[in-house]
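Colleague: from the sequence below, what's the structure:
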Amino acid sequence: RANDTVCGYIPLHNIYRGLQINQVGMVSMPNQSFMKSRNDSPIQLTSTRQPIPFGNVLVDKQNEVINNTTFKAKADGIYQFWVELKWPQDKGLTNADIQIYLYVNGKESFRIVAKVLAYENDNFVSQSGFDEIKAGDEIQIRAQAFRSNNLPPTEYTRIRIAKLA
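Modeller: Coordinates of the predicted model:
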């Protein structure tokens, strides 16, 4: 279809909108949803679920971040969600139960991760998951911690959201 002598000229054919195909046939979708953030402001987790602030949004290809805690999808599709929380390593972090959830339109969709910090060098929680999202859905990543008496504020958090299909 890309050969005008065989198929004729088809201006802005839907197959090619938003696609880049190189000389060896590799396809790129440069306009696909992707958000990448890092928050260096400390977050104190409690037993109450709270949205994780994005902090510094490093990439937002489709301008879908509508505030510091909410991503609003512009297209239907399957999305991947990745979250990382890091605490200072020199703090005693044992026994804190960290839980991170995906919320869609204010309702819990699924738990991305539940992890009990087992020893004092266990200072990261990192996990990803997938969900089907509709255009206009508002997404938040929320976290909580149980048995968190000795849990210090985070050192940083990172979130990434990518539309896969």
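
Colleague: Met35 - how many residues pack around it?
Modeller: If you count neighbours by other Cβ atoms under 10 Å, Met35 ends up with 23. Where C-beta positions appear, they are placed from N, C-alpha and C, glycine not excepted.

Colleague: hey, what's it bridged with?
Modeller: For Met35, the beta-bridge partners are Asp60, Ile161 (DSSP bridges).

Colleague: quick check: it vs Ala162, distance?
Modeller: 8 Å (Cβ to Cβ, to the nearest Å).

Colleague: mutual contacts of the two, please.
Modeller: Common neighbours of Met35 and Ala162, using Cβ atoms under 8 Å, 6 or more residues apart in numbering, do not exist here.

Colleague: so where's this structure uncertain?
Modeller: Applying pLDDT under 70 to the chain picks out residues 1-31, 90-92.

Colleague: can you pull out the helices in it?
Modeller: Counting by DSSP state H, the chain has helices at residues 4-7.

Colleague: how about the strands in it?
Modeller: 20-21, 27-28, 34-39, 50-51, 56-60, 65-67, 70-72, 77-86, 97-104, 107-116, 124-133, 138-146, 156-163 (DSSP state E).

Colleague: nearest spatial neighbour of Val113, skipping sequence neighbours?
Modeller: Counting by Cβ to Cβ, 6 or more residues apart in numbering, Val113 lies nearest to Gln127, which is 3.6 Å off, once chain neighbours are set aside.

Colleague: burial of that neighbour, as a residue count?
Modeller: The burial count for Gln127: 16, using other Cβ under 10 Å.

Colleague: make 26 the starting number, not 1.
Modeller: Yes, from this point I'll number from 26; that puts the last item at Gln152.

Colleague: hmm, Gln124 and it touching each other?
Modeller: No: the pair Gln152 / Gln124 is not scored as a contact, 10.5 Å apart, by Cβ atoms under 8 Å.

Colleague: so what sits against both of the two?
Modeller: With Cβ under 8 Å, 6+ apart as the test, Gln152 and Gln124 both reach Val138, Lys140.
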